[in-house]
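1. the amino acid sequence is not available; the structure is as follows:
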């Protein structure tokens, strides 16, 4: 089975364009951990809840990697890798995640990668300017995204660029396909169609039906 994950805004459009078996981030689980809204608690007090949320996100991303599919290609919205290399590193750099907590999460991450199949065959990086991403977030008006700031998007953009383009900090686990994503929705559909074979690692979309 071919494992692909997609980075950045327009990922929902991307996933829906291809009729494969897709896996979106398990945000519902993060909002209901046996009755506790971990995301809401984190937004209220980053320093208090970053360790708890970070550990749980890492667990749920592992679960997503392990889910089986009968389809020949599995598309995932992000992965355990960018959770660690971008989001967790951002929390550490900003001081929201204590050094010891970061060390423990890193130990867990390293153990997971050594002992579980978290293989990816391709990373599709939908590369957009933070300002474009910010406007798209406003336009789509999804619950829970109201407080995502432009400053945060700039920070996350830099982390992803350092990791996937400059390759200056962490190992990249697979080939990276960079798709400029500044175009309109209609134009992006045309780009997806033109790059179908490359995106699906040579598979034909008809094999998904």
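-> Nice, thanks for sending it over. Note that the structure is predicted; figures quoted are calculated from it, not measured.

2. any figure for the gap between the residue nearest the centre of the chain and residue 95?
-> Closest residue to the average C-alpha location of the chain: residue 78 at 2.2 Å, with Cα atoms, centre = their mean. Distance from residue 78 to residue 95, counting by Cβ to Cβ, to the nearest Å: 24 Å. Placement of C-beta: from N, CA and C, glycine included.

3. for residue 130, what are its contacts?
-> Contacts for residue 130 (Cβ atoms under 8 Å, 6 or more residues apart in numbering) come out as 150, 153, 154, 156, 157.

4. the closest residue to it other than its chain neighbours is in what secondary structure piece?
-> With Cβ to Cβ, 6 or more residues apart in numbering as the criterion, residue 130 has its nearest non-adjacent residue at 4.0 Å, and that residue is residue 153. Following DSSP states H and E, the helix or strand that holds residue 153 is helix 150-160.

5. average pLDDT for that helix?
-> In this model, helix 150-160 has a mean pLDDT of 91.

6. residue 80 - nearest residue in space that isn't next to it in sequence?
-> Leaving aside its sequence neighbours, residue 80 sits nearest to residue 61 (Cβ to Cβ, 6+ apart; 4.2 Å).

7. against which helices or strands is the strand or helix carrying that neighbour packed?
-> Of the helices and strands defined by DSSP H and E, residue 61 is found in helix 46-66. Other helices and strands packing on helix 46-66, by 3 or more Cβ pairs under 8 Å, 6 or more residues apart in numbering; DSSP states H and E, are helix 27-31, helix 38-44, helix 80-82, helix 89-93, helix 99-115.

8. identify all contacting residues around it.
-> The contact list for helix 46-66 (Cβ under 8 Å, 6+ apart) reads 3, 23, 25-26, 29-30, 33, 38-39, 41-42, 76, 78-80, 83-84, 87-88, 91, 94-98, 101, 104-105, 108-109, 112, 116-118.

9. just want the angle from that helix to helix 99-115.
-> With axes from the mean of the first three to the mean of the last three Cα atoms, to 10 degrees applied, the angle from helix 46-66 to helix 99-115 works out at 0 degrees.

10. angle of the helix or strand that comes right after helix 46-66 against helix 46-66?
-> Downstream of helix 46-66, the next assigned helix or strand under DSSP H and E is strand 73-77. For strand 73-77 against helix 46-66, the angle by the same axes, to 10 degrees is 170 degrees.

11. sheet partners, orientation included, of strand 73-77?
-> With DSSP bridges as the test, strand 73-77 is paired with strand 2-7 (parallel), strand 21-23 (parallel).

12. quick one: distance of stretch 59-79 to the chain centre.
-> Offset of stretch 59-79 from its chain centre (Cα atoms, centre = their mean, to the nearest Å): 12 Å.

13. can you list the buried residues in it?
-> Across stretch 59-79, burial judged by 16 or more other Cβ atoms under 10 Å covers 60-62, 64-65, 71, 73-79.
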